[in-house]
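Asks: Sequence plus predicted model, see below.
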Amino acid sequence: MKSVVICGSQRYKEDIKTFANRLRKLGVHTVFEPNFERQRKKMLKKEEKELVKALVDFPKVVEQAAREMRINHICNYAYDLANVFSTFYQFCPVLKAEKGQKNFRLALVAATKIVLRNALSILGIDAIEKM
């Protein structure tokens, strides 16, 4: 099981705990560092927040698609998530970030990979590992 460190502040503690729980259900072990905000004195970037929000929405989208029997909700979600991730990746350097920030961003990348693979699997599409 892959381990990642989730960093955040008290202000975002509930959102980050929800995100960490979702990651755990997807097979990614997480460690929460609540004092990260005080150490860095910076907020999460807008692109990071948007990606976390999009990832947390996946179970709701799947439930809605099943309830309404409309698979297009999952298609739209996967497309939107890919766009949100692309924006995140463009504006938030992952490998060049500071250690705590780097671990959080790597967790976002890993979670996005898992969620997109699951969405594609529901659609009956095999996800490729490399491009």
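Replies: In hand now; what should we look at?
Asks: what does the helix or strand where residue 81 lies rub up against?
Replies: Under the criterion of DSSP states H and E, residue 81 resides in helix 72-91. Contact with helix 72-91 is made by 45, 47-48, 50-51, 54-55, 57-58, 61-62, 64-65, 108-109, 112, 115-116, 119-120, 122-123, as judged by CB atoms under 8 Å, 6 or more residues apart in numbering. In short, each C-beta sits where N, CA and C put it, glycine included.
Asks: and the next element down the chain from that helix?
Replies: Going down the chain from helix 72-91, the next helix or strand is helix 99-122, by DSSP H and E.
Asks: how far off helix 72-91 does that following helix point, in degrees?
Replies: Interaxial angle, helix 99-122 versus helix 72-91 (axes from the mean of the first three to the mean of the last three CA atoms, to 10 degrees): 150 degrees.
Asks: what's the burial count for the closest residue to residue 22 other than its chain neighbours?
Replies: Ranked by CB to CB, 6 or more residues apart in numbering and with sequence neighbours excluded, the top spatial neighbour of residue 22 is residue 56, at 6.1 Å. The tally of other residues near residue 56 (other CB atoms under 10 Å) stands at 16.
Asks: do the same with the one 4 residues further on
Replies: When counting by other CB under 10 Å, one arrives at 11 neighbours for residue 60.
Asks: Can you tell me how far it is from residue 130?
Replies: 30 Å (CB to CB, to the nearest Å).
Asks: hmm, back to that, now that we have the contacts of helix 72-91, which of them are buried?
Replies: For those, a burial check counting by 16 or more other CB atoms under 10 Å picks out 47-48, 51, 54-55, 58, 61-62, 65, 108-109, 112, 115-116, 119-120, 122.
Asks: hmm, back to that, same question for the helix holding residue 81, mean pLDDT?
Replies: On average, the pLDDT along helix 72-91 is 97.
Asks: same question, stretch 21-40
Replies: Averaged across stretch 21-40, pLDDT comes to 57.
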